[in-house]
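1. fold the following and give me the result.
(4 chains)
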2 protein chains.
Amino acid sequence: MPFTKDIATLCKDHGLRLTSPRKVIMQVLSESEDHPDAIELHRRVTKADPGISIATIYRTLNLLQEKGILEKHTFGDGPARFESAEHEHHDHFIDTETGDVTEFRSDEIERLQQEIALKHGFEIVSHKLEIYVRPLNAVRRQAKRDGS
Amino acid sequence: MPFTKDIATLCKDHGLRLTSPRKVIMQVLSESEDHPDAIELHRRVTKADPGISIATIYRTLNLLQEKGILEKHTFGDGPARFESAEHEHHDHFIDTETGDVTEFRSDEIERLQQEIALKHGFEIVSHKLEIYVRPLNAVRRQAKRDGS
DNA sequence: TTAATTGCAAATGGTTTGCATCCCC
DNA sequence: GGGGATGCAAACCATTTGCAATTAA
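-> As a prediction, the model looks like this:
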């Protein structure tokens, strides 16, 4: 998903130098519709510039996260995965069979969380709702296998 | 939290040998009111039997999780943390300052999740709701520091 | 110019594993 | 007795870091 501002502006606004590795990494990120991890991002980035090291990937990813430009997720056990933080907050379905991620949002759940946190004497800093799922047709397939 | 059955029964039911390390590890787990990670558990376990290795801790933890006796969580980045899986499902508040975990449960949120998943054509396998929080008095303290 | 950024390789931290030994059932 | 369980140490994987060289501002 593209960033709201262009890369040069984004860097300037956050006091980051517009270096060539940075440009490529942010470009690739802005074109990613999924939630790549560092290794996958490195794979994509090195297609444009084979010289970019994995250390730079990690450093850039962490930097952009600290600046609030990226969001970092850890689904299940796997490696950290990233996405642009520049849209409305949302939660995730993770397909347990394929690892595919689908986004969703529920104002009602958000509201309930606020309510419950308050009741417990907490202020919410952030939250993460991950629903691990199976597509319904897979259920049917499974049921058939089980002999129904 | 104590297990529902005693340790010997639990092992027998799942086809696990009742070994001496296992006994100690499960005993310590059943006495833990928190969500210890492998290192912390090892620390506690070796007080009773200094010979038990960290490898056995990991192996036992994974085994018990596969058997459905334990639940495994990964809060934020940190190491995997475990708790008995033998109570009603619940979600977690994680204090961002101390790492302390508080459990809570909302039938309404559970219901909404079902509803939303269904609407997206998914069947829920499992889910994880983690709310990262700050105690409200800490907010006040912070506000004071900021000069209000 | 000069401080930020990078590449490289080594280090880290949590976790897993191969293997020889051990010990429950 | 025999296969599961254990301890040890080495291996692993994702990630971080020290350092010297590079480069944007």
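2. now stretch A:64-80: buried residues?
-> Buried residues in stretch A:64-80, counted by 16 or more other Cβ atoms under 10 Å in any protein chain shown: A:64, A:69, A:70, A:71, A:72, A:73, A:74, A:75, A:80. In this view, the C-beta of every residue, glycine as well, is placed from N, C-alpha and C.
3. for chain A, what spans make up the strands?
-> A:70-73, A:81-84, A:91-95, A:101-104, A:122-135 (DSSP state E).
4. now residue A:56. Nearest residue, chain neighbours left out?
-> residue A:21 (5.1 Å; Cβ to Cβ, 6 or more residues apart in numbering or on different chains).
5. which pLDDT value belongs to that neighbour?
-> We have a pLDDT of 97 for residue A:21.
6. cool, residue A:2 as well?
-> pLDDT at residue A:2 comes out at 76.
7. roughly how far apart are the residue nearest to it when sequence neighbours are not counted and DNA strand D?
-> Spatial nearest neighbour of residue A:2, excluding adjacent residues (Cβ to Cβ, 6+ apart): residue A:30 at 4.7 Å. According to Cβ to the nearest atom of the strand, to the nearest Å, residue A:30 and DNA strand D sit 18 Å apart.
8. residues of chain A that sit close to DNA strand C?
-> Proximity of chain A to DNA strand C, by Cβ under 7 Å from any atom of the strand, involves residues A:16, A:17, A:19, A:21, A:22, A:51, A:52, A:53, A:55, A:56, A:59, A:60.
9. do that again at 10 Å, thanks
-> For chain A, the residues in contact with DNA strand C (Cβ under 10 Å from any atom of the strand) are A:11, A:14-26, A:42, A:45-46, A:49-60, A:63, A:77.
10. drop anything exposed from those residues.
-> By neighbour count, with 16+ other Cβ under 10 Å, the residues of chain A next to DNA strand C hold A:11, A:16, A:21-22, A:24-26, A:42, A:45-46, A:52, A:56-57, A:60 as buried.
11. just checking, which of the residues of chain A next to DNA strand C belong to helices?
-> A:11, A:20-26, A:42, A:45-46, A:54-60, A:63 (DSSP state H).
12. and those near DNA strand D, which?
-> A:11, A:20, A:21, A:22, A:23, A:42, A:54, A:55, A:56, A:57, A:58, A:59.
13. so who does residue A:65 touch?
-> Residues in contact with residue A:65 (Cβ atoms under 8 Å, 6 or more residues apart in numbering or on different chains) are A:71, A:72, A:82, A:85.
14. burial measure for the closest residue to the first one other than its chain neighbours, as a count.
-> Counting by Cβ to Cβ, 6+ apart, residue A:71 lies nearest to residue A:85, which is 4.3 Å off, once chain neighbours are set aside. Taking other Cβ atoms under 10 Å in any protein chain shown as the neighbour definition, residue A:85 ends up with a count of 15.
15. and the one 10 residues further on, by the same measure?
-> As a burial measure, the neighbour count of residue A:95 was computed by other Cβ under 10 Å and equals 16.
16. bridged to it, which residues?
-> Legend: beta-bridge partners of residue A:95 under DSSP bridges are residue A:133.
17. just list the residues touching it, thanks.
-> Contacts of residue A:95 by Cβ under 8 Å, 6+ apart are A:101, A:102, A:133, A:134, A:135, B:122.
18. circling back: look up how far residue A:4 lies from the residue nearest to residue A:71.
-> Going from residue A:85 to residue A:4 by Cβ to Cβ, to the nearest Å gives 10 Å.
19. what does residue A:26 give?
-> 13 Å.
20. and for residue A:121?
-> 36 Å.
21. kindly report the same for residue A:118.
-> Residue A:118 is 31 Å from residue A:4, by Cβ to Cβ.
22. now do residue A:135
-> 32 Å.
23. who has more neighbours out of these two?
-> residue A:135 (19 against 11).
24. any idea how many residues pack against the residue nearest to residue A:73 when sequence neighbours are not counted?
-> The shortest distance from residue A:73 to any non-neighbouring residue, by Cβ to Cβ, 6+ apart, is to residue A:81 (5.0 Å). Neighbour count of residue A:81, defined by other Cβ under 10 Å: 21.
25. check contacts around residue A:81.
-> By Cβ under 8 Å, 6+ apart, residue A:81 lies in contact with A:35, A:36, A:37, A:72, A:73, A:74, A:75.
26. recalculate using a threshold of 6 Å.
-> Residue A:81 is in contact with A:35, A:37, A:73, counting by Cβ atoms under 6 Å, 6 or more residues apart in numbering or on different chains.
27. give me the pLDDT for it.
-> So residue A:81 comes in at 95 (pLDDT).
28. do residue A:60 as well
-> Looking at residue A:60, the pLDDT reads 98.
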